Every structure is written in structure tokens, then in C-alpha cells.
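Engineer: model the structure of this input:
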Amino acid sequence: MTKRNTLAILAADSAAAAAWMETADALTRGLTHALGNRMFSVWSIGTALRERPSEPRWGEAFDGEMARLEALLQLFRSLELDGEGDLEPIALPDVMAVAVALLGQHVDVRSVPVELPAEASSGSAAGASAGASAHRAPAPVLARRGSLTQALLMLLTDAARESTDESVPIVVRYPATTAEVVSIELSRGPAASERGLESGLESGLERGLVRAAALLMAHAGGVVHTGASGRTLTLPELGAARQAARGGD
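Structural biologist: Residues are numbered from 1 along each chain as shown. Next up, the predicted model:
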């Protein structure tokens with residue numbers, strides 16, 4: 001399989017490529033700023049340890065900063081910008097949590113809160129809070145982890161830019177679907193449809209961020225829809241994807 005980076009996948013669509021480049025730039029600036037903060041904290045604690053080695057609280061502080069630094073490095077690694085990676089079974093809530101954490105580093109929209117379904121969330125992520133209503137975890141899918149993470153980040157960023165009110169959350173849902181299809185729905189607040197989303201989403205896939213997400217998920221049979229309920233990414237569930245792959249051999 002020929003490896004292609006994200007920009008190469010989007011190269012044929014100038015709007016999608018430009019949207020990715022803008023997002024990647026904002027994300028890189030946010031991540032490097034956070035990395036600088038963590039490094040300064042580690043240096044400060046190291047200095048304090050040298051001056052007062054008998055203080056146990058400095059050791060505890062050092063352990064905490066190293067854990068934060070490791071989490072930040074994991075976010076860097078999750079981008080996988082140098083290749084598409086291999087197809088693998090993926091639990092959507094796990095990848096969504098990473099995408100939400102990445103959104104929390106985006107210098108322009110990191111303050112926008114995200115509400116994740118209580119039962120579908122497999123862990124905490126920066127800037128995310130559990131949704132009020134519980135949902136069953138969706139079926140796993142077959143995709144490239146890096147591309148799926150980036151596609152969800154594009155959709156989250158698009159939703160975050162929908163309103164200038166930073167207190168309005170992005171609400172993530174996993175709507176009821178058929179036995180062979182899994183969907184992820186992202187809207188800016190529970191009353192999004194009442195605010196006339198059509199005016200902002202009328203061009204559908206012509207919007208760069210949404211088009212980028214659609215192109216990144218084409219390899220997995222993913223389809224992106226936009227409308228009054230927000231943005232919806234639909235994917236074949238794992239069993240259906242494997243059956244389709246066997247049929248294509």
C-alpha cells in the first residue's frame with residue numbers, strides 16, 4: 001500500500017486542503033505552546049528539587065507534570081501525519097475522545113465545550129463533559145485510525161466555528177442506526193436545529209472542513225451529511241465492512 005500524508009489525500013480539493021492546513025497550523029501552535037508550558041514546569045520543579053531535595057511535594061509535582069507531558073506527547077502521536085496507517089477495528093468513542101482532546105489544543109476554538117454521551121465515552125478528554133442522556137456504545141468500525149481522528153477533528157472544528165458564543169457546547173450523539181451502519185452526529189447545542197442551521201450548512205460538502213472530513217473517510221466507506229441536525233458521519237460497522245472487503249477480493 002502506498003503511504004500518503006493527509007495533505008496528499010486532500011490535494012485534489014483546494015477548499016478541503018486549505019481547511020486542513022489552517023486547522024493543522026492552529027493545532028500545531030496550540031500543541032507547541034502547551035509543550036513549552038509543560039517543559040517550563042518540569043524545569044522549575046527540577047530546579048526546586050536541586051535546591052530542596054528533601055521536600056516530598058516536589059516529587060509529587062514532578063510526577064504530575066510528567067503525566068501531563070506524556071498525555072501531550074500522545075496527542076502529537078495521534079495525528080499520524082506521515083501516513084495513512086493500516087485498517088483496524090476501532091471503537092468510535094475512543095477516537096472521539098482523542099479528537100476532542102485535540103480540539104482542546106486548537107488556538108482558535110479550544111474553549112468551546114463538548115458534550116459526549118455518558119455511556120459511549122470511554123474516558124475523559126480535555127474540554128469534554130458527559131452528556132445528560134445515556135447511550136449505548138456504538139458498534140466498532142474498520143478504518144485507519146489517523147484518518148478517522150483527523151476527520152472527527154475537522155467536524156468538531158466546523159461545529160465549533162458555527163457560533164461565536166463560546167458557552168454553547170458541541171453535542172455528540174450516536175443516533176440509532178441499522179445493524180450494518182454506525183453514525184456520529186455533531187451539533188452545536190441541543191437546540192441547534194431551532195437556530196436555523198440550514199443557513200450555515202446549505203452548501204453541504206462545499207464547506208472545506210466538512211469536505212476534508214468526507215475525503216479522509218472515503219477509504220472506510222464513510223459518508224458525511226449536513227443539515228438541520230448538524231453534521232453526521234456514517235460508516236459501515238465492523239462486520240459489514242469486513243464482509244464487503246471479502247466480497248471485493
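
Engineer: mind listing the strands for the chain?
Structural biologist: Assignment of strands within the chain using DSSP state E yields the ranges 87-90, 114-116, 128-130, 141-144, 170-173, 181-187, 223-227, 230-236.

Engineer: so what are the sheet partners of the fifth one and their directions?
Structural biologist: The reference is to strand 170-173. With DSSP bridges as the criterion, the sheet partners recorded for strand 170-173 are strand 114-116 (parallel), strand 181-187 (antiparallel).

Engineer: lowest average pLDDT across the strands of the chain?
Structural biologist: Of all those, strand 128-130 carries the lowest average pLDDT, namely a mean of 48.

Engineer: pLDDT weak spots in this protein?
Structural biologist: When the per-residue scores of the chain are filtered using pLDDT under 70, the ranges that remain are 1-4, 50-51, 53-56, 58-59, 80-84, 119-135, 176-177, 189-206, 248-249.

Engineer: remind me, longest helix of this protein?
Structural biologist: In the chain, with assignment by DSSP state H, the single longest helix is helix 14-51.

Engineer: output the contacting helices and strands for that helix.
Structural biologist: Contacts of helix 14-51 with other secondary structure elements, assessed using 3 or more CB pairs under 8 Å, 6 or more residues apart in numbering; DSSP states H and E, are made with helix 6-10, helix 56-78, helix 145-160, helix 208-217. For every residue, glycine as well, the C-beta is placed using N, CA and C.

Engineer: between the ones you listed, which one is nearest to Gly30?
Structural biologist: Evaluated over the helices and strands packed on helix 14-51, closeness to Gly30 peaks at helix 56-78, with 9.8 Å, by CB to CB.

Engineer: fine, thanks again, bye for now.
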